[in-house]
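Participant: Below are the sequence and a predicted model for it; my questions follow.
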Amino acid sequence: MDKIEENLINNLEKFNLINKKLIVGVSGGGDSTSLLIALSQIKKIIPKIYFEAFHVNYGLRKESNNDEEFVKKICKKLKVKIITKNIKKEKINLRGDSENELRKVRYQLISSYILKTKSYCLLTGHNLNDHIETFLMKLSRGAGLKGIEGINYFSTLNEFKNLKIYRPLLSFNKEELNKYCFSKNIKPMIDITNLDIKFTRNRIRKNIIPEFEKLNPDFLNTVNRLTNLIKELNNYQNRTIDEIFREIKIKEGKKKISFKRKRFNLLENFEKKLILKSKCESLSHSIFIESKHIDIILEKCLSKKNNFSLDMPGPIIINATKDEISLEKLVTKQQFI
């Protein structure tokens, strides 16, 4: 058995995903294709692995239809049920072609299908390269310790109907996954937009990481070990934050958190930053609050001005009175159903 298949079995058992209906996001690239192949292989050994493939055709590239046909062909070969969604046919209006916009559309469609079919979660082909690229992107934008964790094996997206996402291939790099596909006589599709360095992630992938690898050939695994340490530190900090927050909080809900302003201002600066980042990100998991945003909030909190209001990413709004500070997630109407 291939090491990718062995690792996948271990992760499915670890996350208790055996005997549950899984939806696999498949673009046609090497990462998601290798996940689909590996699941098909281990199903021969563990029949109680149930999964379907889900493909989204954005219609933004001339190769988009080729990608869809490739995924259908692979699924037919592997005898896997495939669900395809064509953005134009679904009459969804895209607000640009940014990675974040396409992600919103994709997760909305998948979360709706998961609810409709009573499936358990989404599996994606995110890999070690994706993880390190995300770490470097967030580091360059001034993210705090939570932001530079990179990508986690598991997350729940509350804004997408509590969509559960598992990423069982995070320990493998892109080259290993492509080689696995080739070993099964399958040549994955190539998204040429991944070569366009006008996108930040692509610049990091094509220009920055190779320079680090010249200094340290094991750069990806080195940074991965660092992010694991950061996660351990964050877990410890979260316990500390909860103890501090219990002393100052007034109310904590899914969409709003409020706490005592005077008591908050008496905390150490580091403690205040930890609380603000942690609580903002708990309200909106899809974003992270940068250090510059935290500094603005702290400055306002210490000012003599009793009342103020600040708009933050998320979207989250910060409201303050003389006695209270509240963080509230704004609910925006989706442009599609």
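Facilitator: Nice, I can see it.

Participant: and the closest residue in space to residue 86 that isn't next to it in sequence, what does it touch?
Facilitator: Using Cβ to Cβ, 6 or more residues apart in numbering and skipping residues adjacent in sequence, the residue nearest residue 86 is residue 57, 4.6 Å away. For every residue, glycine as well, the C-beta is placed using N, CA and C. Each residue near residue 57 by Cβ atoms under 8 Å, 6 or more residues apart in numbering is listed here: 64, 65, 67, 68, 84, 85, 86, 87.

Participant: ok, now which ones touch the first one?
Facilitator: Under the criterion of Cβ under 8 Å, 6+ apart, the contact list for residue 64 reads 57, 58.

Participant: Next, work out how far apart it and residue 71 are.
Facilitator: With distances taken as Cβ to Cβ, to the nearest Å, residue 64 is found 11 Å from residue 71.

Participant: Which secondary structure elements does the worst-scoring helix or strand of the chain on mean pLDDT sit against?
Facilitator: In the chain, no helix or strand scores lower on mean pLDDT, DSSP states H and E than strand 249-252, which sits at a mean of 80. Identification of packing neighbours for strand 249-252 by 3 or more Cβ pairs under 8 Å, 6 or more residues apart in numbering; DSSP states H and E yields strand 256-260.

Participant: List the buried residues in the strand it packs on.
Facilitator: 257, 258, 259 (16 or more other Cβ atoms under 10 Å).

Participant: Quick check: the gap between the first one and residue 281.
Facilitator: From residue 257 across to residue 281, the span is 11 Å (Cβ to Cβ).

Participant: give the contact list for the residue nearest the centre of the chain.
Facilitator: With distances taken as Cα atoms, centre = their mean, residue 151 lies nearest the centre of the chain, 6.1 Å away. Residue 151 is in contact with 126, 130, 131, 134, 167, 170, counting by Cβ under 8 Å, 6+ apart.

Participant: name the element it belongs to?
Facilitator: Following DSSP states H and E, one finds residue 151 outside all helices and strands.

Participant: From residue 138, how far out is it?
Facilitator: Counting by Cβ to Cβ, the gap from residue 151 to residue 138 is 10 Å.

Participant: Show the residue spans covered by the strands in the stretch 201-337 of the chain.
Facilitator: For the stretch 201-337 of the chain, the strands defined by DSSP state E, counting those that start in this stretch occupy 249-252, 256-260, 308-312, 316-320, 324-329.

Participant: What average pLDDT does the top strand by length along the chain get?
Facilitator: Longest strand in the chain by number of residues (criterion: DSSP state E): strand 50-57. Averaging pLDDT along strand 50-57 gives 97.

Participant: Quick one: name whatever helix or strand follows it.
Facilitator: Later in the chain than strand 50-57, the nearest helix or strand by DSSP H and E is helix 64-78.

Participant: List the buried residues in that next one.
Facilitator: 64, 67, 68, 70, 71, 72, 74, 75, 78.

Participant: Dump those residues to a markdown table, plus pLDDT and distance to residue 303.
Facilitator: Listed next are the buried residues of helix 64-78 as a markdown table, based on pLDDT from 0 to 100; distance: Cβ to Cβ, whole Å:
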| residue | pLDDT | distance to residue 303 |
| --- | --- | --- |
| 64 | 91 | 51 |
| 67 | 95 | 53 |
| 68 | 96 | 55 |
| 70 | 97 | 58 |
| 71 | 97 | 55 |
| 72 | 97 | 59 |
| 74 | 97 | 59 |
| 75 | 97 | 59 |
| 78 | 96 | 61 |
